[in-house]
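In: build me a model:
(2 chains, ligands or ions: 2)
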Protein chains: 2
Amino acid sequence: MSSRVNASYFPQAERVAIFGGTHGNEMSGVTLVNMWIKNRAEIERSGVAVRAFITNPRAVEKCSRYIDTDLNRAFTPENLSTASGDGLPYEVQRAKEVNQIFGPKGSPDAYDVIFDLHNTTSNMGSTLILESSTDYFNLQMVHYIKKAIAPESCMVLLNEHPHLKYATTRSVAKHPVGLEVGPQPQGVLRSNIFESMRAIMKHALDFIELFNSGVEFPACSVEVFRVHERVDYPRDTNGNITAMVHPHLQDCDWEPLNPGDPMFQTFDGRTIPYEGASPVYPTFINEAAYYEKQQACITTRRETLAANAIRKISK
Amino acid sequence: MSSRVNASYFPQAERVAIFGGTHGNEMSGVTLVNMWIKNRAEIERSGVAVRAFITNPRAVEKCSRYIDTDLNRAFTPENLSTASGDGLPYEVQRAKEVNQIFGPKGSPDAYDVIFDLHNTTSNMGSTLILESSTDYFNLQMVHYIKKAIAPESCMVLLNEHPHLKYATTRSVAKHPVGLEVGPQPQGVLRSNIFESMRAIMKHALDFIELFNSGVEFPACSVEVFRVHERVDYPRDTNGNITAMVHPHLQDCDWEPLNPGDPMFQTFDGRTIPYEGASPVYPTFINEAAYYEKQQACITTRRETLAANAIRKISK
Ligand SMILES: [Zn+2]
Ligand SMILES: [Zn+2]
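Out: Ligands and ions are numbered 1, 2, ... in the order given. Predicted coordinates:
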């Protein structure tokens, strides 16, 4: 009885979307979503309408990250409320369209869950990205996925940072979930990354089906990595990069980086150590798309979140 | 005495160029060449003028492979002889300029050696690319480099194929040498790939300095992989890709592929085997830039080339 008393209640997740191609050169999501648009058997679950959708078709066509601006930073209140018109950047126009179909963001009409499928050139493995530490529906879902795919691992990145959180495409939904799988070069489709992403989506949809069927998920705890700081490459006075990610850090996403550990290697062979005061867990290490964002990696702190039991609101 | 009698004589290599940024998102060459333009001490050798040069500055600026068309296919007789004008694709215009500075291609005024620095997303390691099996100067150079960097390996790809050979940027020189190092995602600079490329360039310039100083290089043999066939991805009747490189083939550049070995994996999980009649050595497996060229890999055949002794023509 007590678990019921303490449970958080959510409406069933009636409308779910799976987005691919938010970045047009991240091929696992583009390929999976295009495949599911043609043949939806694999993503059908009882009691839920699941829609596969390409969010940035022109970028997919060009196999580039974006046309005018990063769609996955475009879902700001300003963009979503601006008047439509020919002068808008393509992705701002597109954000307004996506918001109209799957939102409006923050409204009762918004989709229940949106999964947005991404790839990274970093050695991050499979990573679920959450935007809130108190969304128990999402915490329960990632807990379920982590158990279901064990012994394969799936990390959870939590971006609630006051300045580093950004206006994602998936943020249109009540429960936004990012899925980032790597390492995979831009424009390349690797079978191992494709199958990892596919397996996680299978378990995610299974969870929603179970939840909608009335299953109660008991209170649990989830290990997450909370976004802490953005780290830029070392630069000269003209702003040019003067060092590379150190070979001891390259590909070591999610591993602890301690004060004094090698972080960068200058072109003339000097080592630049990590100078923070305490250990952090870097991730998105040497991600191709983040050079233009002046970001060599982000550091995170590991913590354990508690999630209430959840069950659906009875009709 | 006999070695002298059988030696091939070449003029000393007085003018050498190192090209970076022929593909603007291949960061090792872009970074090394920009570094050497600022500080040329590392590439200076006695008796030879070495020039570092960015061939496609607008593509480098954009961090894209090219602006209008692939520069590394643009050095055709038609392009190089066409009249300049505003209507030309950027890379055709640029090819004409490069040809004017470092050529003209096929003329006595052309540079002696051009190294063109590339990266690949394929797991090819360090690969020197030659365009002729009878250029003993180049064969001796790659023999020297292979010995110098052992136990690290450096493969040699020979593209003399009647249809698959293409009009490279480096083909302007009397002795064109491609250097392809991977795996590295487009737009990313990895320290290990950077240092591999740098080491090979050091040995290449050392060889030229030795040759120019009068050292005779005795006859030798060189193992090369000769371009055999281009292999496309499996496609449906609309031309859409229906399968990925099989996990057993992915990352296995330079390893033998035997008839019946798994080659592709369809999205619904079927294995498509290699159906050739005899073993081949695939390379450029799942290279990002070759999706648009409809190429999943190229197959090669291994052979051993004999190179005459070489020495420089005495003045
Ligand atoms: Zn992305
Ligand atoms: Zn290239």
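In: low-confidence stretches in chain A?
Out: For chain A, the stretches with pLDDT under 70 are A:1-5, A:315.
In: enumerate the residues of it near chain B.
Out: Applying Cβ under 8 Å from any Cβ of the partner chain, we find that chain A lies next to chain B at A:31, A:35, A:63-64, A:121, A:183, A:185-192, A:194, A:241, A:244-247, A:250, A:265, A:267, A:286-289, A:291-292. (Glycine included, C-beta is placed from N, CA and C.)
In: filter those residues down to the ones in helices?
Out: Of the positions in these, A:Thr31, A:Met35, A:Ser191, A:Asn192, A:Phe194 sit in helices, assigned by DSSP state H.
In: dump these to TSV, plus neighbour count and distance to ligand 1.
Out: Listed next are these as TSV, based on neighbours: other Cβ atoms under 10 Å in any protein chain shown; distance: Cβ to the ion, whole Å:
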residue	neighbour count	distance to ligand 1
A:Thr31	21	14
A:Met35	20	18
A:Ser191	20	19
A:Asn192	14	18
A:Phe194	22	15
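In: buried subset of the residues of chain A next to chain B?
Out: A:31, A:35, A:63-64, A:121, A:183, A:185-191, A:194, A:241, A:244-246, A:250, A:265, A:267, A:286-289, A:291 (16 or more other Cβ atoms under 10 Å in any protein chain shown).
In: mind listing which of those are in strands?
Out: Residues of these located in strands (DSSP state E): A:Met244, A:Val245, A:Gln265.
In: would you check that the first one makes contact with B:Phe194?
Out: Yes: taking contact to mean Cβ atoms under 8 Å, the distance of 6.3 Å between A:Met244 and B:Phe194 places them in contact.
In: between these two, which contacts overlap?
Out: Common contact partners of A:Met244 and B:Phe194 (Cβ atoms under 8 Å, 6 or more residues apart in numbering or on different chains): none.
In: would you mind measuring from the residue of the stretch 201-315 of chain A found nearest ligand 2 to A:Phe225?
Out: Here the residue of the stretch 201-315 of chain A nearest ligand 2 is A:Ala288; by Cβ to the ion that distance is 15.4 Å. For A:Ala288, the distance to A:Phe225 (Cβ to Cβ, to the nearest Å) stands at 21 Å.
In: just the strands in chain A please.
Out: Under DSSP E, chain A gives strands at A:8-10, A:15-20, A:49-54, A:113-119, A:125-130, A:154-158, A:175-182, A:220-231, A:243-245, A:262-266, A:271-273, A:281-283, A:297-307, A:310-312.
In: list the buried residues for the first one?
Out: Buried positions in strand A:8-10, judged by neighbour count with 16+ other Cβ under 10 Å: A:Ser8, A:Phe10.
In: which residues are contacting stretch A:260-274?
Out: If you take Cβ under 8 Å, 6+ apart as the criterion, stretch A:260-274 is touched by A:231, A:233-234, A:242-249, A:257-259, A:280, A:296, B:31, B:35, B:191.
In: go with 7 Å
Out: Contact with stretch A:260-274 is made by A:234, A:242-249, A:257, A:259, B:35, B:191, as judged by Cβ atoms under 7 Å, 6 or more residues apart in numbering or on different chains.
In: related to what we said a few turns ago, so the residue of the stretch 201-315 of chain A closest to ligand 2 makes contact with A:Thr120?
Out: No: in this structure A:Ala288 lies outside contact range of A:Thr120 using Cβ atoms under 7 Å: 8.4 Å.
In: show me chain A divided up by domain.
Out: Here the domain parsing of chain A from automatic domain parsing is A:11-224+A:306-312, A:231-295.
In: just those: most buried one?
Out: Comparing the domains of chain A by mean neighbour count (mean count of other Cβ atoms under 10 Å in any protein chain shown), domain A:11-224+A:306-312 comes out on top with a mean of 19.
In: any idea how far apart the tips of that one sit?
Out: Length of domain A:11-224+A:306-312, first residue to last, Cα to Cα, to the nearest Å: 5 Å.
In: so which of the domains of chain A comes closest to B:Val177?
Out: Smallest distance to B:Val177 across these (Cβ to Cβ): 22.9 Å, for domain A:231-295.
In: is ligand 1 contacted by the closest one?
Out: No: with Cβ under 5 Å from the ion as the criterion, ligand 1 is not reached by domain A:231-295; the gap is at least 6.6 Å.
In: tell me what the most centrally placed residue in chain A is bridged to.
Out: For chain A, the residue nearest the mean C-alpha position is A:Gly178 (2.5 Å; Cα atoms, centre = their mean). A:Gly178 has these beta-bridge partners by DSSP bridges: A:Asp116, A:Ile129.
In: pick out the residue of the stretch 51-200 of chain A closest to ligand 1.
Out: A:His118 (3.4 Å).
In: so what's that residue up against?
Out: A:Thr22, A:His23, A:Glu26, A:Gly29, A:Gly178, A:Leu179, A:Glu180.
In: again, only this time at 8 Å
Out: A:His118 is in contact with A:Thr22, A:His23, A:Glu26, A:Gly29, A:Asn72, A:Gly178, A:Leu179, A:Glu180, A:Val181, counting by Cβ under 8 Å, 6+ apart.
In: quick one: is stretch A:90-100 near ligand 1?
Out: No: using Cβ under 5 Å from the ion, stretch A:90-100 stays clear of ligand 1, coming no nearer than 12.8 Å.
In: what are the contacting residues of that stretch?
Out: Stretch A:90-100 is contacted by residues A:55-56, A:58, A:66-71, A:74-75, A:79-80, A:82, A:84, A:88, A:105, A:169, A:172 when judged by Cβ under 8 Å, 6+ apart.
In: pull the contacting residues for the residue nearest to A:Glu61 when sequence neighbours are not counted.
Out: Spatial nearest neighbour of A:Glu61, excluding adjacent residues (Cβ to Cβ, 6 or more residues apart in numbering or on different chains): A:Gly24 at 7.2 Å. A:Gly24 makes contacts with A:Val30, A:Asn56, A:Arg58, A:Ala59, A:Val60, A:Glu61, A:Lys62, A:Cys63, A:Ser64, A:Arg65, A:Tyr66, as judged by Cβ under 8 Å, 6+ apart.
In: would you list these in JSON lines and tack on distance to ligand 2?
Out: Formatted as JSON lines, the contacts of A:Gly24 follow (distance: Cβ to the ion, whole Å):
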{"residue": "A:Val30", "distance to ligand 2": "23"}
{"residue": "A:Asn56", "distance to ligand 2": "26"}
{"residue": "A:Arg58", "distance to ligand 2": "25"}
{"residue": "A:Ala59", "distance to ligand 2": "22"}
{"residue": "A:Val60", "distance to ligand 2": "23"}
{"residue": "A:Glu61", "distance to ligand 2": "23"}
{"residue": "A:Lys62", "distance to ligand 2": "19"}
{"residue": "A:Cys63", "distance to ligand 2": "16"}
{"residue": "A:Ser64", "distance to ligand 2": "17"}
{"residue": "A:Arg65", "distance to ligand 2": "19"}
{"residue": "A:Tyr66", "distance to ligand 2": "23"}
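In: can you give me the end-to-end span of stretch A:112-126?
Out: This stretch, stretch A:112-126, spans 23 Å end to end (Cα to Cα).
In: from the middle of its chain, how far away would that stretch be?
Out: 5 Å (Cα atoms, centre = their mean, to the nearest Å).
In: do stretch A:269-289 as well
Out: Put simply, stretch A:269-289 sits 21 Å off its chain's centre (Cα atoms, centre = their mean).
In: dump the C-alpha coordinates for that stretch into CSV.
Out: Provided in CSV are the C-alpha atoms of stretch A:269-289 (Å, rounded to 0.1, in the frame of the first residue of the first chain):
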residue,chain,number,x,y,z
GLY,A,269,54.6,18.7,-27.5
ARG,A,270,53.9,20.3,-24.1
THR,A,271,51.3,18.7,-21.8
ILE,A,272,48.6,21.0,-20.3
PRO,A,273,47.1,19.4,-17.2
TYR,A,274,43.6,19.6,-15.8
GLU,A,275,43.7,22.4,-13.2
GLY,A,276,40.4,22.0,-11.5
ALA,A,277,40.2,21.6,-7.8
SER,A,278,38.4,18.2,-7.8
PRO,A,279,37.8,15.2,-10.0
VAL,A,280,35.3,15.5,-12.9
TYR,A,281,34.0,13.2,-15.5
PRO,A,282,34.5,14.7,-19.0
THR,A,283,32.3,13.8,-21.9
PHE,A,284,31.7,14.9,-25.5
ILE,A,285,35.5,14.8,-25.7
ASN,A,286,36.7,16.1,-29.1
GLU,A,287,33.2,16.1,-30.6
ALA,A,288,33.5,17.4,-34.2
ALA,A,289,30.4,19.6,-34.0
